[in-house]
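Participant: Okay, structure incoming, though there's no sequence with it:
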């Protein structure tokens, strides 16, 4: 690792190796300021680019920033050197759920608790337009209090990945946990395929073995396609009925997440209290008021990934951004936050947008109203505070045509508030 005396970036003490893959190693780390344990995923830049996993790494960062939930592994920050990329992640002291199940099957009450937490995380992901696509016990970790944490979003997809038929088409996942419609390669609903995988996980937790296992892969696929499995005698009638609805090979009739969460077996012993950890929820946009700009006098601080992007030595834009398909831009400004907001109001007025305020430091340029000049185009704008008079502005297309987004940027003059464009220089 690029460390001096096992200290990374003067912030983390690097300890023992927790795991190793073909292009990444995971170490235990300790935050020198807080003393908190973390997992440090060290990725070799050269190997990533050679293997062609640039898009996968970019997607994983994007997705993990999008889904913050008590039962999803939290990405603390991303750091980089010229040769390495570091994911600083929440440390799951309890290890993989797989190792727990491998020792012996779980009691029904324990399996139900994990399944409840798994479904909570999966439903949250789906509400954010994220589909995991590789749910299995190896990707479910446990914290020191025994709470489940969904990890490894490297194969995940987002709603924007759907084709015109509204379906996903990339065949991926672990064979024993993959839904039958994924195998057929005819397109599939990411939410429904995730539900199938959750059903396989529930079966494995209760039985201690896979429902469709065969040594011959084609025989296993045939079993999966037919939904052919047998429940052990110790399965309760309620869980048998639930599994029969989840492991339905027809995605059209397969039970939905909402229906699972209303099932009597699922609801048994379910804690209705709000979790101690705040779950990030969607914020309803509202029109920007005249006094709202003052709320940006001291915007929230940047995370480490944002700050890294400002330094050419640590700039990841060349690795993570496809310059010919760029749907977001960033620039720095030495103007006040209120001046930046005022400029956004001018842009909205001149270009036929509505400027909406979502939350502190977060806005939306909305051109989705019928009959407007920019009908269908919607842009999310985030303003981050680096210092009292230094800001980072990020503009990202959330819907609409990419060419129209790029045309707007070329047509609109931000020169009076821009200090420097970051990454791609096409907007100078």
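Facilitator: Alright, I've got the coordinates. Just so it is clear, the structure is predicted and the values come from calculations on it, not from any experiment.
Participant: Now the spatially most central residue of the chain: closest residue in space, sequence neighbours ignored.
Facilitator: By Cα atoms, centre = their mean, the chain has its centre lying nearest to residue 63, at 2.3 Å. Leaving aside its sequence neighbours, residue 63 sits nearest to residue 153 (Cβ to Cβ, 6 or more residues apart in numbering; 4.5 Å). Glycine gets a C-beta too; all of them are placed from N, C-alpha and C.
Participant: ok, the one you found - contacts?
Facilitator: Residue 153 makes contact with 59, 60, 63, 64, 67, 130, 132, according to Cβ atoms under 8 Å, 6 or more residues apart in numbering.
Participant: helices or strands next to the host helix or strand of the residue nearest to the centre of the chain in the packing?
Facilitator: Element membership for residue 63, per DSSP states H and E: helix 54-66. In this structure, helix 54-66 makes packing contacts with strand 75-80, strand 157-158, helix 317-320, judged by 3 or more Cβ pairs under 8 Å, 6 or more residues apart in numbering; DSSP states H and E.
Participant: mean pLDDT lowest for which of those?
Facilitator: If the helices and strands packed on helix 54-66 are sorted by mean pLDDT, helix 317-320 sits at the bottom with a mean of 45.
Participant: and the next element down the chain from it?
Facilitator: Scanning forward in sequence from helix 317-320 by DSSP H and E, the next helix or strand is strand 328-333.
Participant: after that next one, next one along is what?
Facilitator: Per DSSP H and E, the first helix or strand lying C-terminal to strand 328-333 is helix 337-351.
Participant: and that next one, which residues are buried?
Facilitator: For helix 337-351, the neighbour count (16 or more other Cβ atoms under 10 Å) marks 337, 339, 340, 341, 343, 344, 345, 347, 348, 351 as buried.
Participant: Just want the angle from the next helix or strand after it to helix 337-351.
Facilitator: Under the assignment DSSP H and E, the closest C-terminal helix or strand after helix 337-351 is strand 354-359. Angle, strand 354-359 to helix 337-351, by axes from the mean of the first three to the mean of the last three Cα atoms, to 10 degrees: 150 degrees.
Participant: Distance from strand 354-359 to the middle of the chain?
Facilitator: Offset of strand 354-359 from its chain centre (Cα atoms, centre = their mean, to the nearest Å): 23 Å.
Participant: in that strand, what's buried?
Facilitator: Applying 16+ other Cβ under 10 Å to strand 354-359 flags 354, 355, 356, 357, 358 as buried.
Participant: Assess the claim that residue 246 and residue 255 are in contact.
Facilitator: Yes. Here residue 246 reaches residue 255: they are 5.7 Å apart, a contact under Cβ atoms under 8 Å.
Participant: anything in contact with each of those two?
Facilitator: Joint contacts of residue 246 and residue 255 (Cβ under 8 Å, 6+ apart) are residue 195.
Participant: one step back: look at the residue nearest to residue 63 and tell me its secondary structure.
Facilitator: Using DSSP: H, G, I helix; E, B strand; the rest coil, the structure places residue 153 in coil.
Participant: Check residue 40 too.
Facilitator: Counting by three-state DSSP, the backbone at residue 40 sits in strand.
Participant: residues touching it, list them.
Facilitator: Taking Cβ under 8 Å, 6+ apart, one finds 8, 12, 14, 26, 27, 28, 29, 86, 87, 88, 89 in contact with residue 40.
Participant: Who wins on neighbours among those residues?
Facilitator: Neighbour counts for the contacts of residue 40, by other Cβ atoms under 10 Å, peak at residue 29, which reaches 27 neighbours.
Participant: How far off centre is the helix or strand containing that one?
Facilitator: Using DSSP H and E, the element containing residue 29 is strand 24-31. On the basis of Cα atoms, centre = their mean, strand 24-31 sits 20 Å off its chain's mean C-alpha point.
Participant: same deal with stretch 358-367?
Facilitator: So, by Cα atoms, centre = their mean, the centroid of stretch 358-367 is 21 Å from its chain's centroid.
Participant: distance between the ends of that stretch?
Facilitator: Distance across stretch 358-367, first residue to last, is 15 Å (Cα to Cα, to the nearest Å).
Participant: Same question for stretch 174-192.
Facilitator: Start-to-end span of stretch 174-192 (Cα to Cα) is 16 Å.
Participant: swap in stretch 210-219?
Facilitator: Start to finish, the residues bounding stretch 210-219 are 14 Å apart (Cα to Cα).
Participant: tell me the mean pLDDT over it?
Facilitator: Stretch 210-219 shows a mean pLDDT of 90.
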